[in-house]
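Q: need coordinates for the below:
(2 chains, ligands or ions: 2)
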Amino acid sequence: MTSLTRTLADSATMLRRNLKYQLRYPSLTLMLAGLPIVFLLLFVYVFGGQLGAGLGGHGAAGGHGTAHPDRGAYLDYVVPGILVMTVASVALGTAISVATDMTTGIIDRLRTMAIARAAVLTGHVLGSVLQTLVILVLVTGVSLAIGFRTSASPLQWLAAAGALALFAFALIWLSAALGLAARSVETASNTPMFLTLLPFLSSGFVPTASMPAGLRQFAAYQPFTPVIQTIRGLLAGGPVGAHAVAAIAWSAGIALVSYVWAVRLYNRRRAATPN
Amino acid sequence: MTTTNRAAEAISARGVRKSFGKHLVLDDASLAVADGTIFALLGPNGAGKTTMVRIASTLIRADAGEVRVGGHDVAADPDAVRALIGVTGQFSAVDNYLTGEENLRLMADLRHLGRRAGRARIAELLERFDLTDAARKPASAYSGGMRRRLDLAMTLVGDPAVIFLDEPTTGLDPRSRRTMWQIIRELVTDGVTIFLTTQYLEEADQLADRIAVLDHGRIVAEGTPAELKSRVPGGHVTLHFAEPRALRSAAGVLGGATPDADQLTLQVPGASVASLRRMLNSLGDSGIDVEHLSVHTPDLDDVFFAVTGHATADPAEQEALAP
Ligand SMILES: Nc1ncnc2c1ncn2[C@@H]1O[C@H](COP(=O)(O)OP(=O)(O)OP(=O)(O)O)[C@@H](O)[C@H]1O
Ligand SMILES: [Mg+2]
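A: Ligands and ions are numbered 1, 2, ... in the order given. Now for the predicted structure:
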């Protein structure tokens, strides 16, 4: 067996283990889906009217058949932000599940076996990516149900899904690394928290133009903004250009650095001593 | 062990040192395990047994010294070692969220057994470890003994040539312990090498071809059970008396005996039939009544005491554990 086929086979085995967990304990997936859906409803129904009125020309479609035109415009504006926020909040779960897994005896057993080095982590990461995609489908379903409208072609939908999956892959590797770096499961549930904050400091919920100067600059240059702008562009059926390039570059960069960091942490980490 | 042929050694350790912080846990420990034999590392709580197993099974690195398993250096070539070994640690290493069968399947997949061979091996192990009925229950619902059996079954999935068992029978009832011993004996008849740790002297005596006694990180004795036992002279007889006066007169008659006034017992060295007869004769001649007596042939407890100067249960350790 070559080392590549071994890596693939072992990663697939560990992925199956992860998916079995998810199917056996679906409540975790539902909980992770709950947060972005609550935010979606909150932003659209509580703040939507007001924020939609302030959008000016930023609304993507606006004025379609909803009872409240401003709210409809805001819904169309915020859905890409909510989708990217979904990616971030599901990634948070990976840090916790990786940190928890590292405290269990089975990991010590796996460390004494000749299996591909990254397989344990790859199983977690790919499992979380698939989980993210399922949750994204749920969130998109709710968005459509409450009136989200888009003129995107099937190809643009596919491209949006691809961009979200790539960003999820990056953030999940990052989260896995943070989970490994944490000294305890509690720490692991806190350190990646900033990931759920970043969407608010981006173009996700309000246009960056409405922000004070310093914040506007930060929002313009942090990775969530190009990803959100790419999704927004694709779902509006419009061009994405430079945003897409930046989104892919950020995703690839974060994924690569986090992967190397996570695998190093995993291999260096001292075996658990439960006594 | 200096003359042992290295090629025939499944495991060898030379001058292994390991500290955790300032605490020196293994102090220049050396040992050698011949191919196809059972080796027992015997020692009380905190002696460093688990640390030795963790080093030899590639989980942690020694600070100094060299450990080889199947000829491969554990520090330089851990993957070659991992391909040879199976490890059942002191603490449960099963996946609680998976069923017994799924745990074994996970091992079969990671050992790349293939679908058919994997399925056959899993069925065979479930049967052998009496887990067939519980195969589809999550391991979290297993009793301690079932979990221990599953743990060992998982270790055996890939037919490892060298198996580490860290306190394999701790927490098992006497019947399960005997079953486990039987399984361990069967494994060596198949040519496997077994490195086990235990706190039970009887277990080492029953199973091991060679025993090393570990105390505070040092190997204080090494040899076959018979060799170790031959290091302690004799054995002894304990006489129990009904009243202190009888104890005092008996102590006077039998020179070299150790009286215990609280327990009303007298410990007399020597447990051979001849010495026993002599002792009973002189007691009868003096008209001393003995309530009853117990004969104590030398066991590894005596060996442990003889080589370390203290009993297996370390009083300092016990104090440290007291609330
Ligand atoms: N990771 C660790 N960090 C700090 N100290 C440790 C660590 N692992 C072990 N020790 C210490 O090393 C000593 C030996 O531990 P070890 O687990 O090897 O003993 P043992 O012989 O297996 O004991 P037991 O019979 O209780 O299992 C103990 O004093 C323990 O506290
Ligand atoms: Mg131990």
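
Q: what about the residue of the stretch 151-300 of chain B found nearest chain A, which helix or strand?
A: Among all residues of the stretch 151-300 of chain B, B:Met154 sits closest to chain A, at 7.0 Å; criterion: C-beta to the nearest C-beta. For every residue, glycine as well, the C-beta is placed using N, CA and C. Per DSSP states H and E: B:Met154 is located in helix B:144-156.

Q: helices or strands up against that helix?
A: Using 3 or more C-beta pairs under 8 Å, 6 or more residues apart in numbering or on different chains; DSSP states H and E as the contact test, the elements touching helix B:144-156 are strand B:85-88, helix B:100-110, helix B:115-128, strand B:162-166, helix B:174-189.

Q: how about the ones you listed in JSON lines, adding mean pLDDT?
A: Shown next, in JSON lines, are the helices and strands packed on helix B:144-156 (pLDDT from 0 to 100):
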{"stretch": "strand B:85-88", "mean pLDDT": "95"}
{"stretch": "helix B:100-110", "mean pLDDT": "96"}
{"stretch": "helix B:115-128", "mean pLDDT": "94"}
{"stretch": "strand B:162-166", "mean pLDDT": "96"}
{"stretch": "helix B:174-189", "mean pLDDT": "90"}
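
Q: deepest-packed of those, please.
A: strand B:85-88 (a mean of 26; mean count of other C-beta atoms under 10 Å in any protein chain shown).

Q: which element is residue 52 on?
A: Let's take chain A. Per DSSP H and E: helix A:48-53 holds A:Gly52.

Q: that's the other chain; I wanted chain B
A: Using DSSP H and E, B:Met52 sits in helix B:49-56.

Q: could you check the angle strand B:162-166 makes with that helix?
A: If you take axes from the mean of the first three to the mean of the last three C-alpha atoms, to 10 degrees, helix B:49-56 sits at 150 degrees to strand B:162-166.

Q: neighbouring contacts of helix B:49-56?
A: Contacting residues not belonging to helix B:49-56 are listed as A:271, A:275, B:11, B:13, B:16, B:18, B:25-26, B:29, B:41, B:43, B:60-62, B:67, B:69, B:74, B:87, B:89-90, B:164, B:166-167, B:195, B:197, B:214 [C-beta atoms under 8 Å, 6 or more residues apart in numbering or on different chains].

Q: show the end-to-end separation of stretch B:109-119, please.
A: 10 Å (C-alpha to C-alpha, to the nearest Å).

Q: cool, stretch B:277-297 as well?
A: Counting by C-alpha to C-alpha, you get 16 Å between the two ends of stretch B:277-297.

Q: buried ones in stretch B:219-231, by neighbour count?
A: Buried positions in stretch B:219-231, judged by neighbour count with 16 or more other C-beta atoms under 10 Å in any protein chain shown: B:Ile219, B:Val220, B:Ala221, B:Glu222, B:Gly223, B:Pro225, B:Leu228, B:Lys229.

Q: got it, and stretch B:198-207?
A: B:Thr198, B:Gln199, B:Tyr200, B:Leu201, B:Glu203, B:Ala204, B:Asp205, B:Gln206, B:Leu207.

Q: with stretch B:126-137 instead?
A: The neighbour-count check on stretch B:126-137 (16+ other C-beta under 10 Å) flags B:Leu126, B:Phe129, B:Leu131, B:Ala134, B:Ala135 as buried.

Q: let me see the contact set for the third one.
A: Pointing back at B:Leu131 there. By C-beta under 8 Å, 6+ apart, the neighbours of B:Leu131 are B:Gly100, B:Leu125, B:Met146, B:Arg149, B:Leu150, B:Ala153.

Q: which ones among the contacts of helix B:49-56 are found in strands?
A: Counted as lying in strands by DSSP state E, out of the contacts of helix B:49-56, are B:11, B:13, B:16, B:18, B:25-26, B:29, B:41, B:67, B:69, B:87, B:164, B:166, B:195, B:197, B:214.

Q: summarise which helices and strands the helix holding A:Gly52 is packed against.
A: Here helix A:48-53 touches helix A:69-102, going by 3+ C-beta pairs under 8 Å, 6+ apart.

Q: avg pLDDT for stretch A:122-141?
A: On average, the pLDDT along stretch A:122-141 is 96.

Q: oh, that last question was meant for stretch A:172-181, not what I typed.
A: Here the average pLDDT along stretch A:172-181 is 96.

Q: which residues are contacting that stretch?
A: By C-beta under 8 Å, 6+ apart, stretch A:172-181 touches A:90-99, A:102, A:121, A:124-125, A:128-129, A:132, A:188, A:191-192, A:195, A:254-255, A:258-259, A:261-262, A:265-266, A:269.

Q: buried only: go through these for me.
A: Among the contacts of stretch A:172-181, those buried by neighbour count (16+ other C-beta under 10 Å) are A:90-99, A:102, A:121, A:124-125, A:128-129, A:132, A:188, A:191-192, A:195, A:254-255, A:258-259, A:261-262, A:265-266.

Q: check the gap between the residue in the stretch 51-200 of chain B positioned nearest to ligand 1 and B:Pro160 for me.
A: Residue nearest to ligand 1 within the stretch 51-200 of chain B: B:Thr51 (3.4 Å; C-beta to the nearest ligand atom). Per C-beta to C-beta, to the nearest Å, B:Thr51 is found 21 Å from B:Pro160.

Q: geometric centre of the chain: which residue is closest?
A: In the absence of a named chain, chain A is used. Geometric centre of chain A, nearest residue: A:Val87, 1.7 Å, by C-alpha atoms, centre = their mean.

Q: wrong one, chain B
A: With distances taken as C-alpha atoms, centre = their mean, B:Thr198 lies nearest the centre of chain B, 2.3 Å away.

Q: okay, and the beta partners of that one?
A: Bridge pairing for B:Thr198 (DSSP bridges) gives the partners B:Leu42.

Q: now do the contacts for the residue nearest to B:Asp63 when sequence neighbours are not counted.
A: Residue nearest to B:Asp63 in three dimensions, not counting chain neighbours: B:Arg17, with 4.9 Å by C-beta to C-beta, 6 or more residues apart in numbering or on different chains. Taking C-beta under 8 Å, 6+ apart, we find B:Arg17 in contact with B:Leu24, B:Leu26, B:Asp27, B:Asp28, B:Ala29, B:Ala62, B:Asp63, B:Ala64, B:Gly65.

Q: OK, contacts around the residue of the stretch 151-300 of chain B closest to chain A?
A: Residues near B:Met154 by C-beta under 8 Å, 6+ apart: A:Arg109, B:Thr88, B:Ala93, B:Val94, B:Asn103, B:Leu104, B:Met107.

Q: repeat that for 7 Å
A: Contact analysis of B:Met154 by C-beta atoms under 7 Å, 6 or more residues apart in numbering or on different chains lists B:Val94, B:Asn103, B:Leu104, B:Met107.

Q: residues of the stretch 101-250 of chain B that sit close to ligand 2?
A: Contact residues (C-beta under 5 Å from the ion) of the stretch 101-250 of chain B with ligand 2: there are none.

Q: domain assignment for chain B?
A: B:6-94+B:142-230+B:302-321, B:236-297 (automatic domain parsing).
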